[in-house]
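Asks: quick one: sequence plus predicted model below, questions after.
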Amino acid sequence: MDREFTCIVCPKGCHITAHEDGTITGYTCLRGLNYVKQELVDPRRTLTSTVKVDNGQLRVCPVKSQDTLPKDRVFDVVAEIDKMSIKAPVHIGDVVIENVLGLGVNIIATKNIGAK
Ligand code: SF4
């Protein structure tokens, strides 16, 4: 059965089809082709979320995964982030969770937050 994808690599959002015979059509550039090849074998996503901050000038800090995570583990990672809080001050790039769930990816802060 053919599988349809919307490429998320750039805002153009090309509609790409992976055909049953192994051919892939509809991409405009190689990044789109590589995106679909990756989706077919190991779909991955970069995660952005927020984590609670104790004693900070803001109550939450935006965080992201330092690399892509397996798509089917993203909700597990969000649940892990939701369970915890970090102490201010926070600096961009601080590791909030090292090797989250043993997936080999760190969760890092993406904003500076001073202490109260
Ligand atoms: S195939 Fe290329 S041009 Fe089309 S959305 Fe993907 S990255 Fe953008």
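Replies: That came through, no problem. Here the structure is a predicted model, which is why all the values come from computation and not from measurement. Numbers count the residues shown, from 1 in each chain.

Asks: hey, let's count contacts and neighbours off CA atoms from now on
Replies: Will do.

Asks: setting aside sequence neighbours, what's the nearest residue to whatever residue of the chain ends up closest to the ligand?
Replies: Across the chain, the shortest distance to the ligand (C-alpha to the nearest ligand atom) belongs to Gly32, at 3.5 Å. In space, Gly32 comes closest to Cys7 once its chain neighbours are excluded; the distance is 6.0 Å by C-alpha to C-alpha, 6 or more residues apart in numbering.

Asks: hmm, who's touching the longest helix along the chain?
Replies: Secondary structure of the chain per DSSP state H: the longest helix is helix 30-41. Applying C-alpha atoms under 8 Å, 6 or more residues apart in numbering, the external contacts of helix 30-41 come out as Phe5, Cys7, Val9, Cys14, Ile16, Ala18, Ile24, Tyr27, Arg44.

Asks: thought the first one was touching Ile24?
Replies: In this case it means Phe5. No: applying C-alpha atoms under 8 Å, one finds Phe5 not in contact with Ile24, separated by 10.4 Å.

Asks: any common contacting residues for the two?
Replies: Ile16, Thr17, Ala18.

Asks: who's in contact with the last one?
Replies: Spelled out, it's Ala18. Asp2, Arg3, Glu4, Phe5, Ile24, Thr25, Val36.
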